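Asks: this is a predicted model, with the sequence first.
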Number of protein chains: 2
Amino acid sequence: MVQKRKPPAPRAQTKARTESSKTEPPKPRSAKPQPPSGGVPPKRRGRPRAYEPDVALSRALDVFWKDGFAATSLDDLSAATGMNRPSLYGAFGDKRELYKKTYESYRNRARARMGEAFAADMPLRPMLLRIYGIALDMYLSGEGGPRGCFTVMTATSEAVFDPDIRALVVSGLVEMDRFFARLFKIAQERGELPASADPQVLASLASATIHSIAIRARAQMPRAELEALVNGAVDVMVRG
Amino acid sequence: MVQKRKPPAPRAQTKARTESSKTEPPKPRSAKPQPPSGGVPPKRRGRPRAYEPDVALSRALDVFWKDGFAATSLDDLSAATGMNRPSLYGAFGDKRELYKKTYESYRNRARARMGEAFAADMPLRPMLLRIYGIALDMYLSGEGGPRGCFTVMTATSEAVFDPDIRALVVSGLVEMDRFFARLFKIAQERGELPASADPQVLASLASATIHSIAIRARAQMPRAELEALVNGAVDVMVRG
DNA sequence: TGATTTATGTACCGCTTCGTATAAATAAGC
DNA sequence: GCTTATTTATACGAAGCGGTACATAAATCA
């Protein structure tokens, strides 16, 4: 079962996919039109888009992030993005493809934020606290209340049904582990950690702490409580 | 938005709920018939049930656990339990109530398993390893692949929409924290942990490790990897 | 200007969803 | 056997669902 909603009968989705009525697979015409090389508008041919792909994707992210895949309808996405369903389909493909693109954009955003922190190049403890601060900002954001982490809360649930999503999730988890491991390794080389410390183990503890605050944030535990938790965890980690 | 699927129009669900066409709120007639006092069949009046409430609930759990709330249809539940929809409704109420009962039964099951381990009363390290072993058994179980932790994977997502569920989730998280805290406190009193160790902090690390393996299990990371992660985390924890 | 290209907006399609009305079945009480 | 209580089984209904045809709109190109 590929996550309920059996394909809407061998109608057109399947037809387009397997028989290619016009030699063309349903390639969503791509959101990023072409390599713009310059920064100037590349003079597209037909009627101009009424939406900005990035903005639309970010609005869709808001909805999927809060509601998850199954509970989000195309009407919801339509309302959130301001695009009607056919445009949505044309731009991003079907619901599942849109979800994946959405998730990737989330990952990019998260990676960028963490990258900034990493680049700041500070001692271990403040670095960790800063990273967790960024994480908390993300997890507690959202108009409809805290949403936790997209990877943890909705993508991992979906991972059971879709190999692509599972691969994305696994790579996300591993990426975070590696990120922390690098951090601890650098700290160790600088003498901020005892030689006996195992960066790998500390990294998985650091990731686990991320996972834990993501969950607790979604359950609406107050920020102060989460910060206390983080402080305690960091204390243990910087000790090695 | 109370998790999509807007109430099926002010039809009968609402009517029954608010106007009580027969003075009777839709009390699902209770799964456990009455205080049986003895163990003998209490001679009920009408046609006998063709299902056992506990068994049905456990089958429903399997489905919700894997698919989550939104993606599970009443037909799925019907197929899994062998009960048809009206019986399901009569016994457990609507989908949401069934979900909550299901979640409670999951919690009871988990609590019982952890309680057993706790009662064994062994030194800290083997105790922790045993607890994580039990957790891994649960999270990796399931015919359709590993399902992770119900609390973490599906209930917390749902927590945003339903205060009851959120309360259940929070109590579950707190319960686990307390469980670990008691464990570490006892160990400390026995001298298995340095006096400087903070049982509270260690407990939240222990919980975080649970959360992390729940997520990773659902993403289908291999058991060996999860066990290695657990071993590392336990090493750090028993050191204080 | 008219052809071409791309995007939009409306309306539709077949199917699924949750819940319930209704009728049949199976037991106890009298 | 008849009534009453409780459960099962069938079937229905309104709304929601994902996806798409089709007509229209707005731009470029010739």
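Replies: Yes, it's here. Numbers count the residues shown, from 1 in each chain, chains lettered A, B, ... in the order given.

Asks: from here on, just use CA atoms for contacts and neighbour counts.
Replies: Will do.

Asks: low pLDDT regions in chain A?
Replies: A:1-42 (pLDDT under 70).

Asks: return the nearest residue of it with respect to DNA strand C.
Replies: At 3.0 Å from DNA strand C, residue A:46 is the closest residue in chain A, using CA to the nearest atom of the strand.

Asks: look at that residue and say how many residues are nearby.
Replies: Under the neighbour criterion other CA atoms under 10 Å in any protein chain shown, residue A:46 is assigned a count of 6.

Asks: ok, now the one 5 residues further on?
Replies: Residue A:51 sits with 12 neighbouring residues when counted by other CA under 10 Å.

Asks: correct me if wrong: it contacts residue A:84.
Replies: No: applying CA atoms under 8 Å as the test, residue A:51 and residue A:84 come out as separate, 10.6 Å apart.

Asks: what residues does stretch A:117-134 touch?
Replies: Residues from elsewhere that reach stretch A:117-134, judged by CA atoms under 8 Å, 6 or more residues apart in numbering or on different chains: A:113-114, A:183-184, A:187, A:192, A:210, A:230-231, A:234, A:238.

Asks: near chain B, which residues of chain A?
Replies: Listed as neighbours of chain B in chain A under the rule CA under 8 Å from any CA of the partner chain: A:3-4, A:66-68, A:70-72, A:145-147, A:152-154, A:156-157, A:159-160, A:166, A:169-170, A:173, A:201-202, A:204-205, A:207-209, A:211-212, A:215-216, A:218-219, A:221, A:229, A:232-233.

Asks: report the buried members of these.
Replies: Buried positions within the residues of chain A next to chain B, assessed by neighbour count (16 or more other CA atoms under 10 Å in any protein chain shown), are A:3, A:66-68, A:70-72, A:145-147, A:152-154, A:156-157, A:159-160, A:166, A:169-170, A:173, A:201-202, A:204-205, A:207-209, A:211-212, A:215-216, A:218-219, A:229, A:232-233.

Asks: just to revisit the earlier point, filter the contacts of stretch A:117-134 down to the ones close to DNA strand D.
Replies: Counting by CA under 7 Å from any atom of the strand, nothing from the contacts of stretch A:117-134 sits close to DNA strand D.

Asks: and these, which of them are buried?
Replies: Buried subset of the contacts of stretch A:117-134 (neighbour count, 16+ other CA under 10 Å): A:114, A:183-184, A:187, A:192, A:210, A:230-231, A:234, A:238.

Asks: measure the residue of chain A closest to DNA strand C to residue A:71 for me?
Replies: According to CA to CA, to the nearest Å, residue A:46 stands 35 Å off from residue A:71.

Asks: residues contacting the nearest residue to residue A:206 once chain neighbours are set aside?
Replies: Of all residues not flanking residue A:206 in the chain, residue A:180 sits nearest, at 6.9 Å (CA to CA, 6 or more residues apart in numbering or on different chains). Each residue near residue A:180 by CA under 8 Å, 6+ apart is listed here: A:202-204, A:206-207.

Asks: what do you get for residue A:207?
Replies: Taking CA under 8 Å, 6+ apart, one finds A:176-177, A:180, B:212 in contact with residue A:207.

Asks: can you pick out the most distant pair from those residues?
Replies: Greatest spatial distance in those: A:180 and B:212, 14.7 Å, computed using CA to CA.

Asks: now intersect the buried ones among the residues of chain A next to chain B with the strands, please.
Replies: Per DSSP state E, strands hold no members of those.

Asks: restrict the contacts of residue A:180 to contacts with DNA strand D.
Replies: Checked against DNA strand D using CA under 7 Å from any atom of the strand, the contacts of residue A:180 give no members in range.

Asks: of these, which pair is most distant in space?
Replies: A:202 and A:207 (8.6 Å).

Asks: regarding residue A:177, what is its secondary structure?
Replies: Under the three-state scheme (DSSP: H, G, I helix; E, B strand; the rest coil), the conformation of residue A:177 reads as helix.

Asks: got the contact list for residue A:201?
Replies: Taking CA under 8 Å, 6+ apart, we find residue A:201 in contact with B:229, B:232-233.

Asks: wait, which of those residues is closest to DNA strand D?
Replies: Checking the contacts of residue A:201 one by one against DNA strand D (CA to the nearest atom of the strand), the nearest turns out to be residue B:229, at 37.2 Å.

Asks: need the contacts of stretch A:117-134 in CSV with distance to residue B:138, can you?
Replies: What follows is the contacts of stretch A:117-134, written out as CSV (distance: CA to CA, whole Å):
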residue, distance to residue B:138
A:113, 35
A:114, 33
A:183, 33
A:184, 32
A:187, 36
A:192, 38
A:210, 22
A:230, 27
A:231, 30
A:234, 29
A:238, 32
